[in-house]
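S.K.: next input, structure requested:
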Amino acid sequence: MGADESSVAQHSTELRKDLGLIDLTLTQILFVVGLPWVGVAAKQGTAHVVLWLAAITFFYIPSAAVVIHLNRAMPLEGGLYQWAKLRFGEMPGFLVAWNLWLFTILNTSETGLQVTQYFGYVVGPRSERLTSDVRFIGVVNVAIVTALVGITIRGLSVGKWVHKAGGVLMLTTFAMLIALPWVNLAHGSLREFHALVMTTPLMTVLSFNIAAKMGFGALGGFEYVAIHAGECRNPERTIARSVIVAAPIIALMFILGTSSVLALVPIDRIDLIAPIPQVLAEGFRPFGSATVVASATIVALLCIRMAQASVMFAGNTRLPMVAGWDGLLPGWFTRLHATYQTPVNSILFVGAITLAFSLLGLIGVGKQEAFQLLWNASGIFYGLTYLVMFAIPLADPRASGWLKAAAISGFAATLLFVVISILPIVQVESRFLFAAKISSVIVIANAVGVLIFKSASRRR
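M.R.: Now for the predicted structure:
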């Protein structure tokens, strides 16, 4: 173990070891399974099965293999940040952490938009005016960020139960989602249903856009829990096993869940922000009083989205702490809570930035466009970190041939996602302005990251 690794390991001894295999497996399922993706995939019709299988082959399996390899080699608090720093140097490592941090900030800041959309399905059409009001969405964002800060300060001894509950609710909800077409078929309210019909995808710009995003966009995330490696029991083994257990479950959830969306909602009416509540509402509609079950399930989805936000937020608060350990940020970020051993200052800082982004994202655009702008930009930030992750085994002469082949496949799939993510998949006022906004944000944000790193290096 090198000096840098020993230093991180020494700092990690101050952290509580709260995470085991079950915690990590349920967190993997909760984090990787994004709720909107079954709706996005359903836009491709019955070609979705072929596209999911291609995404699993060329990105999902390669990413799992690379994450397992890197975590076993470097099971350190900070995860991908540490992997990049130790293999490529401090500046690439810092920029990886910077982009990962921005991805999580933007992704978490979308929570208010999604929660208010789900709320509309619970209350019904009479809530449309309220859920379209940016002031109401802003109040919801304040409440959500406050709750996330409180849970994260309390630590993973509490947070892991939030994450596990979210994972169980996710599995239960998808089981219901997958069963609904069969229930409707037996009831007679659905004439026919074939879950695994496969057709050749159409070669259109929109289809290509969505297909690219079904790889990295939908199936990325296995590396995220490695941020908490220093808070895991036996991280070399438990993180790898959590990936192996969760991977096939997640693949089935996506494929069969997308089939349910297609069975119960016309393609032109699929809600890209909240497709699962939409399917549940449609699936239970023929049963009269059973609509109460749909409303209860949609409330469960609200809880799931909050649990997902908690996973992202908790991981994101560790990145400034670890950068502080390395002297790249002020030591203020490394201060631990006296009772809970959590980075309290980092948590408060990340909470304030998350809230600011959530409010800024609502200015001057429609709700669907705001969601797409935040979602695409956050995806590009995340994609840039994965390009570095896949480059690590490619630059390692000791890596096996099959691992390098997996890394090449994953790198190509991620690069395609990054390039094509400047295009929206919903109607916006101007596609050119939409692309210009995203491109400007990515370039300026990384320029700021370089300046922060150089300034920190001079101070040291």
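
S.K.: low-confidence stretches in the stretch 201-350 of the chain?
M.R.: Scanning the stretch 201-350 of the chain with the threshold set as pLDDT under 70 gives 205-207, 289-291, 294.

S.K.: quick one, helices of it?
M.R.: Assigned by DSSP state H, counting those that start in this stretch, the stretch 201-350 of the chain shows helices spanning 205-213, 216-219, 235-264, 275-284, 291-325, 344-360.

S.K.: and of those helices, who's closest to A435?
M.R.: helix 205-213 (12.0 Å; C-beta to C-beta). From N, CA and C alone the C-beta is placed, and that goes for glycine too.

S.K.: now do the same for I22: its pLDDT.
M.R.: I22 carries a pLDDT value of 94.

S.K.: and G366, what pLDDT?
M.R.: For G366, the model assigns a pLDDT of 50.

S.K.: dump the helices of the stretch 201-350 of the chain to a markdown table, plus mean neighbour count and distance to R398.
M.R.: Below are the helices of the stretch 201-350 of the chain laid out as a markdown table (neighbours: other C-beta atoms under 10 Å; distance: least, C-beta to C-beta, whole Å):
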| stretch | mean neighbour count | distance to R398 |
| --- | --- | --- |
| helix 205-213 | 18 | 32 |
| helix 216-219 | 26 | 26 |
| helix 235-264 | 21 | 18 |
| helix 275-284 | 24 | 44 |
| helix 291-325 | 22 | 25 |
| helix 344-360 | 19 | 35 |
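
S.K.: as TSV, the ones you listed with distance to M198 would be great.
M.R.: As requested, these are exported to TSV (distance: least, C-beta to C-beta, whole Å):
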stretch	distance to M198
helix 205-213	14
helix 216-219	18
helix 235-264	11
helix 275-284	21
helix 291-325	28
helix 344-360	40
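
S.K.: to W37, which of those lies closest?
M.R.: Closest approach to W37 among the helices of the stretch 201-350 of the chain is made by helix 216-219 (4.2 Å; C-beta to C-beta).

S.K.: what helices or strands is the closest one leaning on?
M.R.: Packing partners of helix 216-219 (3 or more C-beta pairs under 8 Å, 6 or more residues apart in numbering; DSSP states H and E): helix 37-42, helix 235-264, helix 367-394, helix 401-420.

S.K.: before we move on, the earlier item: nearest to L403, out of the helices of the stretch 201-350 of the chain?
M.R.: Closest of those to L403 is helix 235-264, at 13.9 Å (criterion: C-beta to C-beta).

S.K.: now tabulate the helices and strands packed on helix 216-219 in a markdown table and tack on distance to G288.
M.R.: Converted to a markdown table, the helices and strands packed on helix 216-219 look like this (distance: least, C-beta to C-beta, whole Å):
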| stretch | distance to G288 |
| --- | --- |
| helix 37-42 | 26 |
| helix 235-264 | 17 |
| helix 367-394 | 31 |
| helix 401-420 | 43 |
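
S.K.: closest to D18 out of those helices?
M.R.: helix 235-264 (11.9 Å).

S.K.: tell me the contacts of D271?
M.R.: Listed by C-beta atoms under 8 Å, 6 or more residues apart in numbering, the contact set of D271 reads 39, 117, 277-278.

S.K.: quick check: the farthest pair among these?
M.R.: For those, the farthest-apart pair by C-beta to C-beta is G39 and Q117; their separation is 11.5 Å.

S.K.: who touches both of these two?
M.R.: With contacts defined as C-beta under 8 Å, 6+ apart, the residues shared by G39 and Q117 are 271, 274.

S.K.: what packs against the one helix or strand M176 maps to?
M.R.: Following DSSP states H and E, one finds M176 within helix 156-187. In this structure, helix 156-187 packs against helix 21-32, helix 134-154, helix 235-264, helix 275-284, helix 291-325, with contacts taken as 3+ C-beta pairs under 8 Å, 6+ apart.

S.K.: distance of L336 relative to L15?
M.R.: Per C-beta to C-beta, to the nearest Å, L336 is found 8 Å from L15.

S.K.: who has more neighbours, the two?
M.R.: Neighbours were counted for L336 and for L15 using other C-beta atoms under 10 Å; L15 has more, 21 against 17.

S.K.: ok so, going back, tilt between the helix holding M176 and helix 275-284?
M.R.: In terms of direction (axes from the mean of the first three to the mean of the last three C-alpha atoms, to 10 degrees), helix 156-187 departs from helix 275-284 by 40 degrees.

S.K.: in helix 156-187, what's buried?
M.R.: For helix 156-187, the neighbour count (16 or more other C-beta atoms under 10 Å) marks 156, 158-160, 162-171, 173-174, 176-178, 180-181, 183-184 as buried.
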